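Participant: Quick one, what's the 3D model for this:
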Amino acid sequence: MQTYLSHDQQPDMGVDPIAATGMASCLAGAVLLVANLAASRDGRHGMPESLAGLPSGAEHRTRAVLFAAPLAGGLAAAVVLGLHLVVRLLSGPVAGTLDLYEPLAAVAASAFAAALGVAVGRWLPWLIAGPMVIAALGFLIFQNPANGPAGWWLPVMQHHYPDWPDRPSGVHLVYVLALVVLAGGIASLRHGIRPAPLVAVVAAVAVAVPAGATAASVRQGAPTGSGWAARADVDPRLRDRFLGPDAHRCEERAGITYCAYPGYVPWIPLWEEAIGPVVRAVPPERRHLVPPVRQMTSSWFFGEDIESRAIRPSMSWGHPDQRKRLAEDLSLNVAGFHLSCDARGQARTLVMLWLVGQTSPITRPGSLRIDSRLSRRSLVDYGDTEVGYARRLLATPGARERVRTHWDTLMRPSTTLERALPLLGLDREFPISKPEGTPCR
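Facilitator: Presented below is the predicted three-dimensional model:
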């Protein structure tokens, strides 16, 4: 399921294993149910009388299930998660850094589910007990993103973004492993107070409590807004990771500068593939208008002190809409749109949409969002007329040469769409509408 959900996204080893761990909770639920049924069958359907003749008692059967179920459950999680990660690694340029503690946590969570199923089966031998525990844990894990730091007290914390602080994955793995021992010890104590399970329970609690508290004390998440980068409680190392002088790795391709975070350099060719057709459509003598491409995150957006014209790929990539978004950002910059306004009736609006069409189909009228540091939510409006003529221009032979020849005229805000049509070899076909809002200047 996780492989299907992520098939249209480029692999990011910083977040993919975490998302897969959350999905692996479904497998852990199945393991819990099987272990619960195996441990509780001693008291069902005449089994006590049937098992009374065996040389080994219920305590031995509990130990057998405690040995087999976590081992089988952990192995199943390792196989499924391992295959998923292999598929992701083979799916294209890989970004991010793999934290081995994250997939190991999924294996440990499955083993814990098995041990918990045995404990529930021994102490609560009703058939409904196992499914109810699964439902309760499943609901809590599903709601975990809203639990804040308390979410780390659950065996799975599946919510993470690549620009958040580092996760306490190592200490959380220790915490889950302690839960495995704790659940196993509680299951064994059902057969009487014995030194070994009692010591196991005490030791597990002694490890689980400080490990869980340590994991829960790590601040996760990142509030967006201008105050985030200046917060006093933000780790300076995290601020330097996204805003420091060495935050980006830059390289030049076809005269355009591309800057990516260290783990995301393999995605630069994908960005170039998206904006390259737009750049090649711009007249060579005007390509100095093309701004640099500089990766940025949503959380640290307002803290970056660079020129506002930079094109900003995000820390995820792969959906066709993201390719279109980069083309739109570049086309808006080249056409000189920087503030919210209504661009109906202008020649440069037609050229801007034609530039977008070099990478992505022009589908419908609407608004394009300007993605700059100073005006992140600015919108440029256009209508059916501009879309219709842009489609005609894309289908017109020699359109690129005509755009290049008349570039300076077409880019002037004062040049109307009506005046641009003969320059571009287009017939008047659609009614030219006037701006409904503040005209673009």
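
Participant: Count the residues that sit near A135.
Facilitator: Per other Cβ atoms under 10 Å, the neighbour tally for A135 reads 11. To be clear about C-beta, it is placed using only N, CA and C from the backbone, and glycine gets the same treatment.

Participant: next one: H172
Facilitator: For H172, the neighbour count with other Cβ under 10 Å is 26.

Participant: Which element, helix or strand, includes it?
Facilitator: helix 169-189 (DSSP states H and E).

Participant: That helix - contacts with which helices or strands?
Facilitator: Other elements packing on helix 169-189 under the criterion 3 or more Cβ pairs under 8 Å, 6 or more residues apart in numbering; DSSP states H and E are helix 58-89, helix 101-123, helix 195-216.

Participant: could you dump stretch 199-216 to CSV, C-alpha only?
Facilitator: The C-alpha coordinates for stretch 199-216 follow below in CSV (Å, rounded to 0.1, in the frame of the first residue of the first chain):
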residue,chain,number,x,y,z
VAL,A,199,13.3,-9.1,36.8
ALA,A,200,12.5,-8.7,33.0
VAL,A,201,9.5,-6.5,33.8
VAL,A,202,11.4,-4.3,36.3
ALA,A,203,14.4,-3.9,33.9
ALA,A,204,12.1,-3.1,31.0
VAL,A,205,10.3,-0.4,32.9
ALA,A,206,13.6,1.0,34.1
VAL,A,207,14.7,1.3,30.4
ALA,A,208,11.4,2.2,28.8
VAL,A,209,10.5,5.2,31.1
PRO,A,210,13.6,7.2,30.6
ALA,A,211,13.9,6.3,26.9
GLY,A,212,10.3,7.3,26.3
ALA,A,213,10.7,10.5,28.2
THR,A,214,13.9,11.4,26.3
ALA,A,215,12.2,10.8,23.0
ALA,A,216,9.2,12.8,24.0
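
Participant: I figured L89 hits P11, correct?
Facilitator: Yes. Using Cβ atoms under 8 Å, L89 is in contact with P11, at 6.3 Å.

Participant: neighbour-wise, which of those two wins?
Facilitator: For L89 versus P11, neighbours defined as other Cβ under 10 Å are more numerous around P11 (22 against 13).

Participant: what's the neighbour count on the closest residue to the more buried one other than its chain neighbours?
Facilitator: Closest residue to P11 apart from its sequence neighbours, by Cβ to Cβ, 6 or more residues apart in numbering: R88 at 4.1 Å. As a burial measure, R88 scores 22 neighbours (other Cβ under 10 Å).

Participant: Now do the contacts for R88.
Facilitator: 3, 6, 11, 13, 16, 94 (Cβ atoms under 8 Å, 6 or more residues apart in numbering).

Participant: Just give the closest residue to R122, not the sequence neighbours.
Facilitator: The shortest distance from R122 to any residue that is not its chain neighbour, by Cβ to Cβ, 6+ apart, is 4.1 Å, and that residue is R190.

Participant: Please read the previous query as pertaining to G138.
Facilitator: Leaving aside its sequence neighbours, G138 sits nearest to G29 (Cβ to Cβ, 6+ apart; 6.1 Å).

Participant: Give me the contacts around the helix or strand harbouring the one you found.
Facilitator: Here G29 sits within helix 25-40, counting by DSSP H and E. Residues outside helix 25-40 that contact it (Cβ under 8 Å, 6+ apart) are 1, 61-62, 65, 69-70, 72-73, 76-77, 80, 109-110, 112-122, 125-127, 129-131, 133-134, 137-138, 141, 155-156, 158, 187.
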